[in-house]
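Asker: Just need the structure, nothing else, for what follows:
(chains A and B)
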2 protein chains.
Amino acid sequence: MDAPLAGLRIVEVSAFIAAPIGGMTLAQLGAEVIRIDPLGGNIDYNRWPLAPDGQSLYWTSLNKGKRSVALALDRPEGQALVRDLICAPGAEAGILLTNLPASRGWMSYAALAEHRPDLIMLRLTGNPDGSAAVDYTVNCASGFPVATGADTRPVNHVLPAWDVAAGLYLGLGLLSAERVRARTGKGQEVTLALSDVMAATVANLGYVADVQVNGAVRPPMGNELYGAFGRDFATADGRSVMLAAISNRQWRAIGKATGLADKLAAIGPLMGVDIETEGGRFQATRAIAALLEPWFAARSLEQVAAAFANSGVLWGPYQDFGQLVREDLRCSPANPIFGEIEQPGIGSLLAPRVPLSFALSAAPPPAPAPRLGQHTGAVLRDILGLDAGAVSELGKQGILRP
Amino acid sequence: MDAPLAGLRIVEVSAFIAAPIGGMTLAQLGAEVIRIDPLGGNIDYNRWPLAPDGQSLYWTSLNKGKRSVALALDRPEGQALVRDLICAPGAEAGILLTNLPASRGWMSYAALAEHRPDLIMLRLTGNPDGSAAVDYTVNCASGFPVATGADTRPVNHVLPAWDVAAGLYLGLGLLSAERVRARTGKGQEVTLALSDVMAATVANLGYVADVQVNGAVRPPMGNELYGAFGRDFATADGRSVMLAAISNRQWRAIGKATGLADKLAAIGPLMGVDIETEGGRFQATRAIAALLEPWFAARSLEQVAAAFANSGVLWGPYQDFGQLVREDLRCSPANPIFGEIEQPGIGSLLAPRVPLSFALSAAPPPAPAPRLGQHTGAVLRDILGLDAGAVSELGKQGILRP
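Answerer: Okay, the predicted model is just below:
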C-alpha cells in the first residue's frame, strides 16, 4: 500500500522548529513537502550545532524528507513563483504551512486565495495578537520553570516542548482542514499561536483548575512525582535511575524486587496513610525514598537492572544524549523506526521515520534533508511546467541559483 | 460550517495522559469521542489533584468534551457491548483509540476486525516491545534531564512533554489512517510507542547528529540558550524574566531599549566574536549577561515591561501557575480559545477549546468533562439501538450502573 498521506502536496515557508516539525512529520507520513527558502537560506539555516563542514545539524535534522526550493523571495518574480507553487492545481495540493508573519501582503491568505479560492493555509504566530514569541518566552510564562527543580528559582526545560507540540498541532489542523475541503470543496486559513498551545496544555493538564478550585500552585518538588510515588535514586556506580509506581501492581513489584515489601508496607501505619493508594504513596514519598535509597546505593546500575528485569517495576536509567545514542537500543538501527541515512556533506547518520507504525500503509523510510535549493529546478519543471531554458533564464536573472 | 471533524466517531478506552489527550483533541476538533471505562472508573479516575468533592481535576481536565460510558469490562456481556460500540456501522465510525495492553485478547485488532474488517485502531504502548514505560521513565532516558539545570545532577521537567506529543501523534495517526480508509476502504492497526516519540524527537532536534558527527553531548547550561543569546534575569522586585535574541533585529532591539547598544557592540571585539551572528552572541553569552544584569536589577518587572513595550525585544516574565491564571490575559476569557465551563460538582472553570482557529469551520466551544458513565444509556440507545427495557436489564445484571 501507499504511504498514509501519499498524494498530498504541501508548500512550507518556515524557519526554526515548530513549523518545520509540522512539515517534516507530514513528509514522514508520505506527503510531498516542498520547503521554500530565500536564496542563501532562511534565518535558521546556520543555527548551531554545526557539522565540521559548517552545515547546521539543527536544520538538517528538522527538514528530513522534504524537497528544497530556494528563490529570491525579496523580488516580485520570486514571489510570483512561490505563489504559483502554492496555488498550483490539484485536488490534494493548494496547501501552505508557514510561521512567517503573513497576515498581510503577497503571502497573506486573501492575496493567495485570489489565485486559488480553495487554498488551505496553516499559519503559526507567537502570541494570539500576532506579536513575536518563541518557545523560551512562552515557556517562562507557563508556570513550569518555577515548578521545575528543587526550589523556586526558575529552571527552563531544555526540550523545546511547546515548539514540538505546536508542530504536531499544525499537522492536525492541516489534516482536519484538508478533510473538510475534500468533503465541501472549501479551503480556509487556520491559525495557531504558540502561546495558545502553552496555555491550553497547562489547562488540559489540570493546573488551571487546581489554581481556580483549590487556590493551589504546584510547588517545585525536584524529581519527585506529584500525586503518586516516584523519584530519582543514585546507584553505587554514580548513575541515577528514575523509579515510579502508579498502579498497585507496580507498587507491589518494587517491594518484591527489592525484598523490602514488609518494610514498605509498614510505612502506611507509620505515616498514617493508605499505602495501597496513589495519593497515600505520594504523601509518604520521603519515607518510601528513605527506605529505598540504601538499596540503590548498594548496587550498580547493572545490578539494579538485573533485579528489576521482568519484575513489573516501572523504572529507567538516566542517560545523557551520548548514552542514549551509544547504549540504548531504542535509539539505534535495531529499532525499526530508525535507519542509517547518508546526509550529503555530513555522512552516515542515524535518523528516524515517523514513530507511528501502520500495519498496511507504507510510511516512508528515514530520509536525509535536502541541500538548500536542491530541488528548485525539478520542482519548477514538475509543478509549473517550466522548461530547462526558462529555469536557466531565472538563474541568469538571479531569481534562483543554477 | 460544521466542526472540522464533524461526523467522525471514535471510541477511546484509555487512562492517564497521552491517549486521553489524543481523544480530547479530536473531540475539540468536532469528532464524537466516546470514552469507555470500567464501572468505578479506570486507574486514572482518582488521580491528584482533587477537587473538594473528591473528583479528580486531572481526569476532568483531560477528558473535556467526551461522552462517557461505564461498563463491567471484566464480564463477557460488558466486553460484547464495547466490541459492538467499536464495530458499529458507519463510514466514519469503527475507530478505536487505546493505551491499554491490547495486542492479544478480546480487544486486539484481530479479534475486533472479525466484527468490522475495516476497523482503524490506534494503540499506544510504552516501549516498542510492548513493555511498560511512562513519561517519567522515558524522559530519564532522553538525555534532557541531565542537560537541564545548572549541573549534571538530573532535573526532570515537570511538563509531561512526551505524553503531550504522543497524544498529538495519535491524533495524526488516526486522521492519516482515516484518510486512507476513506480512499481505499481499508482499515488498519496503527501503533505508537511512547519511547519512540522520545527517541525520534531527540533525533529530530539534532541531538543525535551532534553526538554522531561531533561527539558532542550538550552540557547543562542553566537557563542559557544554546546556539544563540538568551538567559533569565532577576528584576529589582524579585521577579525573573527570560530574554532572548535570535535574529539580528531582536539583538539590536535589546541595545536600543536598554540604552546599552554601544557597550553591547563593544563585546564583539572584546571577546573576539562576531556579535552580529547568533553563534557569536552565544559564545559571548556570559559577557552580554554581565552587562545586562545591573540594568534588570535596577528595574521592577513593570519598568522592564514598559521599556520593552513595542520595542521588538523578545522577552517574557516568569510566572507560576497562579500568576498565569490570574494575571496573564492569554490564559483568560479575554482569549477566544478560552471560556468558562460549568464542571458538574466542581463549578465554573476556565477551559480551552482546541488552540487551532479555523476561519470557516466551527470548532466546538470549551466543554466540560462528562460524569463517569453519564452517557452510558444514551450511547447504547443511540448507537446499538437498545431500548429502555434492555438498558434497565443491563443495570439489573450489573453490566452498567443505572
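Asker: rest of the way, CA atoms for contacts and neighbours
Answerer: OK.
Asker: List the residues that contact the closest residue to chain B within the stretch 251-400 of chain A.
Answerer: Taking Cα to the nearest Cα, chain B has its nearest neighbour within the stretch 251-400 of chain A at residue A:320, 4.0 Å off. Going by Cα atoms under 8 Å, 6 or more residues apart in numbering or on different chains, residue A:320 touches B:141-144, B:146-147, B:217.
Asker: Out of those, which sit inside helices?
Answerer: Among the contacts of residue A:320, the ones falling in helices (DSSP state H) are B:144, B:146-147.
Asker: Make CSV out of the residues you listed and add distance to residue A:117, pLDDT and neighbour count.
Answerer: Converted to CSV, the ones in helices among the contacts of residue A:320 look like this (distance: Cα to Cα, whole Å; pLDDT from 0 to 100; neighbours: other Cα atoms under 10 Å in any protein chain shown):
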residue, distance to residue A:117, pLDDT, neighbour count
B:144, 45, 97, 26
B:146, 50, 96, 25
B:147, 48, 96, 26
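Asker: Phi first, then psi, for the residue of the stretch 251-400 of chain A closest to chain B.
Answerer: For residue A:320, the backbone dihedrals (degrees, to the nearest 10) come out as phi -90, psi 180.
Asker: measure it to residue A:114 for me?
Answerer: Between residue A:320 and residue A:114 the distance, using Cα to Cα, to the nearest Å, works out to 51 Å.
Asker: Then residue A:338?
Answerer: Separation of residue A:338 from residue A:114 (Cα to Cα): 43 Å.
Asker: Give me the more crowded residue out of these two.
Answerer: Using other Cα atoms under 10 Å in any protein chain shown as the criterion, residue A:338 and residue A:114 rank with residue A:338 on top: 23 against 11.
Asker: and residue A:392, that's in a helix?
Answerer: Yes. Applying DSSP: H, G, I helix; E, B strand; the rest coil, one finds residue A:392 inside a helix.
Asker: contacting residues for it?
Answerer: The contact partners of residue A:392, taken as Cα under 8 Å, 6+ apart, are residue A:402.
Asker: confidence score at it?
Answerer: In this model, residue A:392 is scored at 97, pLDDT.
Asker: Residue A:268 now?
Answerer: For residue A:268, the predicted pLDDT is 96.
Asker: Please state the offset of the helix or strand hosting residue A:80 from the chain centre?
Answerer: Using DSSP states H and E, residue A:80 sits in helix A:76-86. The chain centroid and the centroid of helix A:76-86 are separated by 30 Å, computed with Cα atoms, centre = their mean, to the nearest Å.
Asker: Contact residues of the stretch 251-400 of chain A facing chain B?
Answerer: A:278-279, A:314-325, A:330-331, A:335, A:337, A:346, A:349-360 (Cα under 8 Å from any Cα of the partner chain).
Asker: among those residues, which ones are buried?
Answerer: With neighbours counted by 16 or more other Cα atoms under 10 Å in any protein chain shown, these contain buried members at A:278-279, A:314-325, A:330-331, A:337, A:346, A:349-358, A:360.
Asker: For the stretch 151-300 of chain A, which segments count as helices?
Answerer: A:161-184, A:194-204, A:207-214, A:248-258, A:261-271, A:278-283, A:285-297 (DSSP state H, counting those that start in this stretch).
Asker: tell me the domain ranges of chain A?
Answerer: Under the assignment automatic domain parsing, the domains of chain A span A:9-202+A:331-396, A:240-317.
Asker: picking that back up, check the average confidence over the helix holding residue A:80, would you?
Answerer: Per-residue pLDDT values across helix A:76-86 average out to 98.
Asker: Which strands or helices does that helix pack on?
Answerer: The helices and strands touching helix A:76-86, judged by 3 or more Cα pairs under 8 Å, 6 or more residues apart in numbering or on different chains; DSSP states H and E, are strand A:9-13, helix A:376-384.
Asker: Would you mind listing the buried residues in the last one?
Answerer: Neighbour-count burial for helix A:376-384, counted by 16+ other Cα under 10 Å, picks out A:376-380.
Asker: Correct me if wrong: residue A:377 contacts residue A:391.
Answerer: Yes. Using Cα atoms under 8 Å, residue A:377 makes contact with residue A:391 at a distance of 6.3 Å.
Asker: what's the neighbour count on the closest residue to residue A:146 other than its chain neighbours?
Answerer: Nearest residue to residue A:146, sequence neighbours excluded (Cα to Cα, 6 or more residues apart in numbering or on different chains): residue A:154, at 4.3 Å. Close neighbours of residue A:154, defined as other Cα under 10 Å, add up to 26.
Asker: Identify, from the ones in helices among the contacts of residue A:320, the entry nearest to residue A:163.
Answerer: Taking Cα to Cα as the measure, residue A:163 lies nearest residue B:144 of the ones in helices among the contacts of residue A:320, at 15.4 Å.
Asker: so what's that closest one up against?
Answerer: Residue B:144 is in contact with A:157-159, A:320-321, B:156, counting by Cα under 8 Å, 6+ apart.
Asker: Save these as TSV, and put in pLDDT and distance to residue B:284 too.
Answerer: Shown next, in TSV, are the contacts of residue B:144 (pLDDT from 0 to 100; distance: Cα to Cα, whole Å):
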residue	pLDDT	distance to residue B:284
A:157	92	22
A:158	95	20
A:159	97	22
A:320	97	25
A:321	98	25
B:156	96	28
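Asker: residues contacting residue A:172?
Answerer: Residue A:172 makes contacts with B:168, B:171-172, B:175, as judged by Cα under 8 Å, 6+ apart.
Asker: cool, and residue A:286?
Answerer: Taking Cα under 8 Å, 6+ apart, we find residue A:286 in contact with no residue.
Asker: and residue A:375, what is it in contact with?
Answerer: Shown in contact with residue A:375 (Cα under 8 Å, 6+ apart): A:67-69.
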